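Visitor: Give the three-dimensional model of this entry:
(chains A, B and C)
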Amino acid sequence: MLQQTPVARVLPVWRQWLDRWPEPAALAADEPGEAIRMWGRLGYPRRALRLHGCATALVARHGGQVPDDLAELLDLPGVGAYTARAVAAFAYRQRHPVVDTNVRRLVARVVAGRPDGGQTTTGADLAATEALLPAEPADAAAASAAFMELGALLCTARSPQCGACPLGSRCAWRAGGEPLPTAPSRRPQRYAGTDRQVRGELLAVLREAPGPVPRAELDVVWPDASQRERALATLLDDGLVERHPDNRYGLAGSATTKPPPDPAGSGGGPRR
DNA sequence: GATTCGTGGGT
DNA sequence: TACCCAAGAAT
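Guide: Residues are numbered from 1 along each chain as shown, chains lettered A, B, ... in the order given. Here you go, the predicted model:
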(Lines give C-alpha, C1' and ligand atoms only; values in the text may rest on other atoms or scores of the structure.)
Protein backbone atom coordinates (compact mmCIF):
# COMPACT_ATOMS: atom_id res chain seq x y z
CA MET A 1 0.00 0.00 0.00
CA LEU A 2 2.87 2.31 0.71
CA GLN A 3 4.29 1.95 -2.78
CA GLN A 4 4.15 5.47 -4.24
CA THR A 5 1.48 6.42 -1.75
CA PRO A 6 1.82 8.78 1.24
CA VAL A 7 1.72 7.09 4.64
CA ALA A 8 -1.11 9.27 5.94
CA ARG A 9 -3.41 8.16 3.14
CA VAL A 10 -2.59 4.49 3.62
CA LEU A 11 -3.23 4.23 7.36
CA PRO A 12 -7.05 4.11 7.47
CA VAL A 13 -7.27 1.62 4.61
CA TRP A 14 -4.54 -0.51 6.13
CA ARG A 15 -6.43 -0.72 9.44
CA GLN A 16 -9.69 -1.76 7.80
CA TRP A 17 -7.80 -4.24 5.64
CA LEU A 18 -6.12 -6.01 8.55
CA ASP A 19 -9.33 -5.94 10.52
CA ARG A 20 -11.03 -7.90 7.73
CA TRP A 21 -8.06 -10.06 6.71
CA PRO A 22 -5.75 -10.47 9.72
CA GLU A 23 -3.53 -12.98 7.97
CA PRO A 24 -2.64 -14.06 4.43
CA ALA A 25 -4.90 -17.12 4.46
CA ALA A 26 -7.95 -14.97 5.19
CA LEU A 27 -7.25 -12.72 2.23
CA ALA A 28 -6.45 -15.65 -0.04
CA ALA A 29 -9.79 -17.27 0.84
CA ASP A 30 -11.72 -14.20 -0.34
CA GLU A 31 -12.35 -13.06 -3.89
CA PRO A 32 -9.75 -10.83 -5.55
CA GLY A 33 -12.57 -8.41 -6.36
CA GLU A 34 -13.10 -7.87 -2.66
CA ALA A 35 -9.49 -6.80 -2.36
CA ILE A 36 -10.04 -4.31 -5.16
CA ARG A 37 -13.13 -3.04 -3.38
CA MET A 38 -11.37 -2.65 -0.05
CA TRP A 39 -8.50 -0.90 -1.78
CA GLY A 40 -10.74 2.13 -2.12
CA ARG A 41 -9.09 5.13 -3.73
CA LEU A 42 -5.50 4.36 -2.86
CA GLY A 43 -4.63 4.31 -6.54
CA TYR A 44 -2.73 1.82 -8.68
CA PRO A 45 -5.46 -0.80 -8.19
CA ARG A 46 -3.33 -3.53 -9.71
CA ARG A 47 -1.53 -3.47 -6.37
CA ALA A 48 -4.71 -4.78 -4.76
CA LEU A 49 -4.75 -7.65 -7.20
CA ARG A 50 -1.10 -8.38 -6.58
CA LEU A 51 -1.56 -8.27 -2.84
CA HIS A 52 -4.31 -10.84 -3.15
CA GLY A 53 -2.04 -12.88 -5.41
CA CYS A 54 0.72 -12.50 -2.86
CA ALA A 55 -1.52 -13.87 -0.11
CA THR A 56 -2.42 -16.79 -2.34
CA ALA A 57 1.25 -17.46 -3.04
CA LEU A 58 2.07 -17.28 0.66
CA VAL A 59 -0.51 -19.95 1.39
CA ALA A 60 0.53 -22.12 -1.54
CA ARG A 61 4.28 -21.86 -1.15
CA HIS A 62 4.99 -20.86 2.44
CA GLY A 63 2.25 -22.31 4.61
CA GLY A 64 0.57 -18.94 4.95
CA GLN A 65 3.66 -17.38 6.49
CA VAL A 66 5.82 -14.59 5.13
CA PRO A 67 9.21 -16.08 4.21
CA ASP A 68 12.42 -14.60 5.57
CA ASP A 69 14.54 -15.41 2.54
CA LEU A 70 15.23 -12.49 0.23
CA ALA A 71 14.96 -14.50 -2.99
CA GLU A 72 11.68 -16.05 -1.88
CA LEU A 73 10.33 -12.64 -0.97
CA LEU A 74 11.32 -11.28 -4.38
CA ASP A 75 9.40 -14.11 -6.03
CA LEU A 76 6.12 -12.91 -4.52
CA PRO A 77 3.70 -10.87 -6.67
CA GLY A 78 4.02 -7.13 -6.08
CA VAL A 79 7.18 -7.54 -4.02
CA GLY A 80 10.22 -5.86 -5.52
CA ALA A 81 13.64 -4.72 -4.40
CA TYR A 82 12.36 -2.27 -1.82
CA THR A 83 9.59 -4.31 -0.21
CA ALA A 84 11.56 -7.55 -0.08
CA ARG A 85 14.48 -5.91 1.70
CA ALA A 86 12.22 -3.89 3.98
CA VAL A 87 10.56 -7.09 5.17
CA ALA A 88 13.84 -8.98 5.51
CA ALA A 89 15.44 -6.11 7.41
CA PHE A 90 12.62 -4.79 9.59
CA ALA A 91 10.67 -7.98 10.24
CA TYR A 92 13.51 -10.47 10.30
CA ARG A 93 16.45 -8.26 11.25
CA GLN A 94 18.65 -9.24 8.35
CA ARG A 95 21.34 -6.91 7.06
CA HIS A 96 20.06 -5.57 3.73
CA PRO A 97 20.05 -2.06 2.29
CA VAL A 98 16.49 -0.72 2.28
CA VAL A 99 16.22 1.85 -0.48
CA ASP A 100 13.05 3.79 -1.09
CA THR A 101 12.62 7.19 -2.70
CA ASN A 102 13.64 8.97 0.50
CA VAL A 103 16.82 6.97 1.01
CA ARG A 104 17.69 7.35 -2.66
CA ARG A 105 17.50 11.12 -2.33
CA LEU A 106 19.33 11.15 1.02
CA VAL A 107 22.23 9.05 -0.21
CA ALA A 108 22.47 10.98 -3.48
CA ARG A 109 22.87 14.17 -1.48
CA VAL A 110 25.01 13.03 1.43
CA VAL A 111 27.38 10.77 -0.50
CA ALA A 112 27.43 12.05 -4.06
CA GLY A 113 26.52 15.68 -3.49
CA ARG A 114 23.77 15.45 -6.08
CA PRO A 115 20.51 17.34 -5.52
CA ASP A 116 18.24 14.36 -6.02
CA GLY A 117 18.10 10.60 -6.46
CA GLY A 118 17.08 8.81 -9.60
CA GLN A 119 13.58 7.72 -10.50
CA THR A 120 14.24 4.08 -9.81
CA THR A 121 16.61 2.21 -7.51
CA THR A 122 19.74 1.00 -9.28
CA GLY A 123 22.41 -1.46 -8.26
CA ALA A 124 24.63 1.51 -7.52
CA ASP A 125 22.02 2.85 -5.10
CA LEU A 126 21.89 -0.47 -3.27
CA ALA A 127 25.69 -0.63 -3.07
CA ALA A 128 26.04 2.96 -1.87
CA THR A 129 23.40 2.44 0.81
CA GLU A 130 24.80 -0.91 1.90
CA ALA A 131 28.16 0.77 2.46
CA LEU A 132 26.54 3.03 5.05
CA LEU A 133 25.10 0.20 7.14
CA PRO A 134 26.59 -0.86 10.47
CA ALA A 135 27.97 -4.40 10.58
CA GLU A 136 25.53 -5.70 13.16
CA PRO A 137 22.24 -6.69 11.47
CA ALA A 138 20.04 -5.22 14.20
CA ASP A 139 21.96 -1.95 14.01
CA ALA A 140 21.71 -2.00 10.22
CA ALA A 141 17.92 -2.28 10.43
CA ALA A 142 17.81 0.64 12.85
CA ALA A 143 20.04 2.65 10.53
CA SER A 144 17.76 1.91 7.56
CA ALA A 145 14.76 3.13 9.53
CA ALA A 146 16.74 6.24 10.44
CA PHE A 147 17.68 6.88 6.81
CA MET A 148 14.06 6.64 5.73
CA GLU A 149 12.87 8.99 8.44
CA LEU A 150 15.66 11.44 7.75
CA GLY A 151 14.82 11.49 4.06
CA ALA A 152 11.09 11.76 4.69
CA LEU A 153 11.16 14.40 7.42
CA LEU A 154 14.30 16.53 6.98
CA CYS A 155 16.03 15.77 3.70
CA THR A 156 12.85 16.39 1.75
CA ALA A 157 12.62 16.92 -1.99
CA ARG A 158 11.20 20.43 -1.84
CA SER A 159 12.45 22.25 1.23
CA PRO A 160 15.14 20.32 3.11
CA GLN A 161 15.82 21.44 6.67
CA CYS A 162 19.58 21.13 6.61
CA GLY A 163 19.96 23.21 9.76
CA ALA A 164 18.30 20.49 11.80
CA CYS A 165 20.04 17.57 10.09
CA PRO A 166 22.17 15.37 12.34
CA LEU A 167 24.53 14.63 9.46
CA GLY A 168 25.48 18.29 9.43
CA SER A 169 28.82 18.95 7.78
CA ARG A 170 29.22 15.33 6.68
CA CYS A 171 26.83 15.95 3.78
CA ALA A 172 28.47 16.38 0.39
CA TRP A 173 25.47 18.22 -1.00
CA ARG A 174 25.48 20.74 1.83
CA ALA A 175 29.24 21.15 1.56
CA GLY A 176 28.76 21.91 -2.12
CA GLY A 177 26.34 24.71 -1.37
CA GLU A 178 23.15 22.70 -1.92
CA PRO A 179 23.12 23.03 -5.72
CA LEU A 180 19.68 22.88 -7.27
CA PRO A 181 18.78 20.32 -9.92
CA THR A 182 20.09 21.47 -13.29
CA ALA A 183 17.29 20.32 -15.56
CA PRO A 184 13.65 19.76 -14.64
CA SER A 185 13.69 16.60 -16.78
CA ARG A 186 10.58 15.37 -15.04
CA ARG A 187 7.85 14.02 -17.23
CA PRO A 188 4.64 15.99 -17.28
CA GLN A 189 2.49 14.14 -14.79
CA ARG A 190 -0.92 15.42 -15.74
CA TYR A 191 -3.78 13.15 -14.82
CA ALA A 192 -6.94 14.88 -15.95
CA GLY A 193 -8.20 13.50 -19.20
CA THR A 194 -5.87 10.51 -19.33
CA ASP A 195 -6.85 6.87 -19.65
CA ARG A 196 -5.76 6.57 -16.04
CA GLN A 197 -8.53 8.85 -14.95
CA VAL A 198 -11.08 6.96 -17.04
CA ARG A 199 -9.94 3.67 -15.54
CA GLY A 200 -10.34 5.20 -12.11
CA GLU A 201 -13.87 6.39 -12.86
CA LEU A 202 -14.93 3.02 -14.23
CA LEU A 203 -13.46 1.19 -11.28
CA ALA A 204 -15.12 3.57 -8.83
CA VAL A 205 -18.54 2.58 -10.21
CA LEU A 206 -17.76 -1.10 -9.83
CA ARG A 207 -16.35 -0.69 -6.32
CA GLU A 208 -19.46 1.04 -5.12
CA ALA A 209 -21.87 -1.38 -6.75
CA PRO A 210 -22.81 -4.49 -4.75
CA GLY A 211 -22.33 -6.68 -7.81
CA PRO A 212 -21.92 -6.65 -11.58
CA VAL A 213 -23.51 -3.71 -13.38
CA PRO A 214 -24.96 -3.29 -16.88
CA ARG A 215 -22.79 -1.66 -19.46
CA ALA A 216 -24.95 1.48 -19.41
CA GLU A 217 -23.85 2.29 -15.87
CA LEU A 218 -20.24 2.41 -17.02
CA ASP A 219 -21.01 4.45 -20.11
CA VAL A 220 -22.15 7.46 -18.12
CA VAL A 221 -18.79 8.08 -16.44
CA TRP A 222 -16.99 9.37 -19.54
CA PRO A 223 -18.23 11.11 -22.69
CA ASP A 224 -15.59 9.86 -25.14
CA ALA A 225 -16.75 6.41 -26.17
CA SER A 226 -13.50 5.29 -27.76
CA GLN A 227 -11.45 6.30 -24.74
CA ARG A 228 -13.97 4.53 -22.52
CA GLU A 229 -13.62 1.37 -24.59
CA ARG A 230 -9.86 1.54 -24.38
CA ALA A 231 -9.88 2.04 -20.62
CA LEU A 232 -12.33 -0.78 -20.05
CA ALA A 233 -10.30 -3.07 -22.30
CA THR A 234 -7.17 -2.48 -20.24
CA LEU A 235 -9.06 -3.09 -17.01
CA LEU A 236 -10.25 -6.41 -18.42
CA ASP A 237 -6.76 -7.18 -19.63
CA ASP A 238 -5.29 -6.43 -16.20
CA GLY A 239 -7.78 -8.80 -14.62
CA LEU A 240 -9.27 -6.05 -12.50
CA VAL A 241 -12.65 -6.29 -14.19
CA GLU A 242 -14.65 -9.22 -15.54
CA ARG A 243 -17.28 -9.32 -18.21
CA HIS A 244 -20.09 -11.68 -17.39
CA PRO A 245 -22.13 -13.76 -19.84
CA ASP A 246 -25.14 -11.49 -19.30
CA ASN A 247 -23.04 -8.57 -20.59
CA ARG A 248 -22.63 -7.02 -17.18
CA TYR A 249 -19.32 -5.99 -15.68
CA GLY A 250 -17.95 -6.50 -12.20
CA LEU A 251 -14.82 -6.60 -10.10
CA ALA A 252 -12.75 -9.69 -10.66
CA GLY A 253 -14.27 -12.74 -9.05
CA SER A 254 -16.90 -10.87 -7.08
CA ALA A 255 -19.93 -12.05 -8.99
CA THR A 256 -21.20 -13.71 -5.85
CA THR A 257 -22.02 -10.52 -4.01
CA LYS A 258 -25.79 -10.72 -4.16
CA PRO A 259 -26.61 -9.94 -7.78
CA PRO A 260 -29.75 -7.89 -8.40
CA PRO A 261 -32.93 -9.74 -9.44
CA ASP A 262 -32.33 -11.30 -12.79
CA PRO A 263 -35.46 -11.97 -14.86
CA ALA A 264 -33.46 -13.83 -17.49
CA GLY A 265 -32.41 -16.33 -14.86
CA SER A 266 -28.81 -16.41 -15.96
CA GLY A 267 -27.69 -16.07 -12.40
CA GLY A 268 -24.47 -14.39 -11.40
CA GLY A 269 -22.54 -16.35 -13.96
CA PRO A 270 -20.49 -19.46 -13.34
CA ARG A 271 -17.81 -19.37 -10.71
CA ARG A 272 -14.92 -21.71 -10.43
C1' DG B 1 17.05 1.92 -18.37
C1' DA B 2 12.72 4.09 -19.57
C1' DT B 3 7.58 3.80 -19.21
C1' DT B 4 3.35 2.89 -17.34
C1' DC B 5 0.30 2.37 -13.65
C1' DG B 6 -4.08 6.41 -9.53
C1' DT B 7 -5.04 9.62 -6.40
C1' DG B 8 -5.00 13.43 -3.24
C1' DG B 9 -2.71 16.90 -0.53
C1' DG B 10 0.85 20.46 -0.33
C1' DT B 11 3.03 24.52 -2.41
C1' DT C 1 -4.48 27.37 -11.14
C1' DA C 2 -0.85 24.36 -12.14
C1' DC C 3 2.55 21.54 -10.73
C1' DC C 4 5.03 18.49 -7.60
C1' DC C 5 5.43 14.14 -5.57
C1' DA C 6 4.45 10.21 -2.53
C1' DA C 7 7.78 3.54 2.26
C1' DG C 8 7.67 0.99 -6.16
C1' DA C 9 6.79 -2.93 -9.28
C1' DA C 10 6.31 -4.89 -13.69
C1' DT C 11 7.33 -4.86 -18.34
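
Visitor: how close does residue A:49 get to residue A:245?
Guide: 22 Å (Cβ to Cβ, to the nearest Å). In this view, the C-beta of every residue, glycine as well, is placed from N, C-alpha and C.

Visitor: okay, those two: which has more neighbours?
Guide: residue A:49 (22 against 10; other Cβ atoms under 10 Å).

Visitor: So that one sits against residue A:242, correct?
Guide: No: between residue A:49 and residue A:242 there is no contact under Cβ atoms under 8 Å: 11.9 Å.

Visitor: what residues are shared contacts of those two?
Guide: residue A:252 (Cβ atoms under 8 Å, 6 or more residues apart in numbering).

Visitor: Please give me every residue in contact with residue A:108.
Guide: Residue A:108 touches A:114, A:115, A:116, A:117, A:118, A:173, counting by Cβ under 8 Å, 6+ apart.

Visitor: go again using 7 Å as the cut-off
Guide: A:114, A:116, A:117 (Cβ atoms under 7 Å, 6 or more residues apart in numbering).

Visitor: Of these, which is the nearest to residue A:80?
Guide: residue A:117 (16.2 Å; Cβ to Cβ).

Visitor: Leaving aside the residues adjacent along the chain, what's closest to that closest one?
Guide: Closest residue to residue A:117 apart from its sequence neighbours, by Cβ to Cβ, 6 or more residues apart in numbering: residue A:104 at 3.1 Å.

Visitor: what about the residue nearest to residue A:251 when sequence neighbours are not counted, how many neighbours?
Guide: Spatially, and ignoring its direct neighbours in sequence, residue A:251 is nearest to residue A:33 (3.2 Å; Cβ to Cβ, 6+ apart). Neighbourhood size, residue A:33 [other Cβ under 10 Å]: 26.

Visitor: swap in the one 4 residues further on?
Guide: A count of nearby residues for residue A:37, using other Cβ under 10 Å, gives 20.

Visitor: Equivalent analysis for residue A:109, please.
Guide: 26.

Visitor: Quick check, pLDDT for the residue nearest to it when sequence neighbours are not counted.
Guide: Nearest non-adjacent residue to residue A:109, counting by Cβ to Cβ, 6+ apart: residue A:173, 3.6 Å away. With respect to pLDDT, residue A:173 has a value of 93.
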